[in-house]
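Engineer: I need the structure of the sequence given here:
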Amino acid sequence: MAPVVALIEHADGKAFDTSLQTLAVARSFAAGQAVHALVLSSPIRLDLELGRNAVFALANDLGHYGVNVAHIAEHEALDSFAPDAWAAILGQLADQLDATAVFAAGTERGNEVMARVGARANLPLATNCIAVSAGDPITLTRQRWGGSLLEEARLNSTRPLVTVAPHAVPIETTEAETKVETFTPQLKEQELVVRVIEHVAAAGGGVSLAEARVVVSGGRGVGSKEGFAIIEELAGLLGGAVGCSRVVTSAGWRPHTDQVGQTGTKIAPELYIACGISGATQHMAGCKGAKRILAINSDAEAPIMLNSDYAVVGDLKEIVPAISKEIRANRGHAG
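Structural biologist: Below is the predicted model of the structure:
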């Protein structure tokens, strides 16, 4: 039987959680068919044996998530993100396997690559899906309006292309024996025109929003750029990242890279502390993946207070420093 194919995004020898979530949806759709995965890498980054072993270990580890065959594409141009090249390789592998469907995470890169796969093959793309069922046509459930509603739809396509909404479905483990195969794709010059040539670290460094286990965010209620000092202090004590709402970036208090929301970063920390944030739909779409939400707001009726696990009504300029002081005191006693 023809397999399904999933694109795996990874870094430092580890698959992104969003790609592992994608595999759960792909396996459900496959319903017993083989699941193949595409892992992209570069010989430049594999020149050290340790680096090569890390990529092969990653590919083998995909068996814990139901992957039957992991294909490692090695090409010197894959040392950085090149959307047309990624799309070409994914499309070529799907053609070679006569795949019944192609899946990717609904990340910025996943959506961009899959859109290009669809354009190249003249196929429709369904984005932000949380469930997909086989059939003719296939049926799917997808998030709309920043996740505030779910849409039931049918997709007519000879090869469905699907991206999975980040942090909307759980990672599922299983046991499958994974076969690892390597190949060198043939790429055209025009497919390498658009490439990432430099990575610029975010100001201040530290933990990134997307990976942080704790995120402390501030909104309009913080009052000013300088007001974020107490937010930064608490985030530092908790080993977390600093986030903000859209209105804060619009005011120029924080860079856009700190924005949590539908048009910012979608996060899934263990704890999200929202300080002085009202909780507009667009913001909640970005933090709905959080395991726990603690909201601090002077307005007890703010939407985020109704959507939080814990709510503290009061002045954040008093409450946040008090939390930081208590953390320091407890750590002092522990020492």
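
Engineer: okay, strands next: where are they in the stretch 101-250 of the chain?
Structural biologist: Applying DSSP state E, counting those that start in this stretch to the stretch 101-250 of the chain gives strands spanning 101-105, 125-133, 138-144, 149-155, 161-164, 179-183, 214-218, 241-244.

Engineer: for Gln92, which of those strands is the nearest?
Structural biologist: For those, the distance to Gln92 is smallest for strand 179-183, at 9.4 Å, taking Cβ to Cβ. C-beta: built from backbone N, CA, C; applies to glycine.

Engineer: report the distance from that closest one to the chain centre.
Structural biologist: Centre-to-centre, strand 179-183 and its host chain are 25 Å apart (Cα atoms, centre = their mean, to the nearest Å).

Engineer: which strands or helices does it pack on?
Structural biologist: For strand 179-183, the helices and strands in contact under the criterion 3 or more Cβ pairs under 8 Å, 6 or more residues apart in numbering; DSSP states H and E are helix 49-61, strand 69-74.

Engineer: tell me how many other residues crowd the nearest residue to Ala15 once chain neighbours are set aside.
Structural biologist: Distance criterion Cβ to Cβ, 6 or more residues apart in numbering; nearest residue to Ala15, sequence neighbours excluded, is Ile8 at 5.3 Å. Counted with other Cβ atoms under 10 Å, the neighbours of Ile8 add up to 25.

Engineer: my guess is Ile8 contacts Ser19. True?
Structural biologist: Yes. Applying Cβ atoms under 8 Å, one finds Ile8 in contact with Ser19, separated by 4.7 Å.

Engineer: in CSV, list the strands of the stretch 101-250 of the chain along with distance to Cys275 and mean pLDDT.
Structural biologist: Formatted as CSV, the strands of the stretch 101-250 of the chain follow (distance: least, Cβ to Cβ, whole Å; pLDDT from 0 to 100):
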stretch, distance to Cys275, mean pLDDT
strand 101-105, 30, 98
strand 125-133, 28, 95
strand 138-144, 26, 92
strand 149-155, 28, 92
strand 161-164, 31, 97
strand 179-183, 46, 93
strand 214-218, 5, 97
strand 241-244, 10, 96
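
Engineer: pLDDT below threshold where in this structure?
Structural biologist: Across the chain, the ranges flagged by pLDDT under 70 are 1, 43-52, 146, 201-206, 333-335.

Engineer: in it, mark out all the helices, start to finish.
Structural biologist: Using DSSP state H, the helices of the chain run over residues 17-30, 49-61, 83-97, 108-121, 229-237, 246-250, 281-287, 303-306, 316-334.

Engineer: okay, the angle between the fifth one and helix 316-334?
Structural biologist: The reference is to helix 229-237. Using axes from the mean of the first three to the mean of the last three Cα atoms, to 10 degrees, the interaxial angle of helix 229-237 with respect to helix 316-334 works out to 30 degrees.

Engineer: tell me which residues in helix 229-237 are buried?
Structural biologist: Counting neighbours by 16 or more other Cβ atoms under 10 Å, one finds that the buried residues in helix 229-237 are Ile230, Ile231, Glu233, Leu234, Ala235, Leu237.

Engineer: packing partners for it?
Structural biologist: By 3+ Cβ pairs under 8 Å, 6+ apart, helix 229-237 packs against strand 214-218, strand 241-244, helix 316-334.

Engineer: before we move on, what about the first one?
Structural biologist: Based on contacts counted as 3+ Cβ pairs under 8 Å, 6+ apart, the elements that helix 17-30 packs against are strand 4-8, strand 35-41, strand 101-105, strand 125-133, strand 161-164.

Engineer: how about that helix: buried residues?
Structural biologist: Per 16+ other Cβ under 10 Å, helix 17-30 contains these buried residues: 17-27, 29-30.

Engineer: ok, the last one next?
Structural biologist: Residues of helix 316-334 classed as buried by neighbour count (16+ other Cβ under 10 Å): Leu316, Lys317, Ile319, Val320, Ile323, Ser324.

Engineer: could you check how far the residue lying closest to Phe56 once chain neighbours are set aside is from Ser157?
Structural biologist: Counting by Cβ to Cβ, 6+ apart, the nearest residue to Phe56 once its immediate chain neighbours are dropped is Val180, at 6.2 Å. Computed as Cβ to Cβ, to the nearest Å, the Val180 to Ser157 distance reads 29 Å.

Engineer: dump the residue contacts of the residue nearest to Ala15.
Structural biologist: Ile8 makes contact with Ala15, Phe16, Ser19, Ala37, Leu38, Val39, Leu58, Leu62, Ala70, according to Cβ atoms under 8 Å, 6 or more residues apart in numbering.

Engineer: the third one contacts Ala11, doesn't it?
Structural biologist: No. In terms of Cβ under 8 Å, Ser19 does not count as a neighbour of Ala11; the distance is 10.7 Å.

Engineer: next, count neighbours for the nearest residue in space to Asp61 that is not next to it in sequence.
Structural biologist: Distances taken as Cβ to Cβ, 6+ apart put Ala15 closest to Asp61, at 7.4 Å, once the chain neighbours are dropped. Under the neighbour criterion other Cβ under 10 Å, Ala15 is assigned a count of 23.
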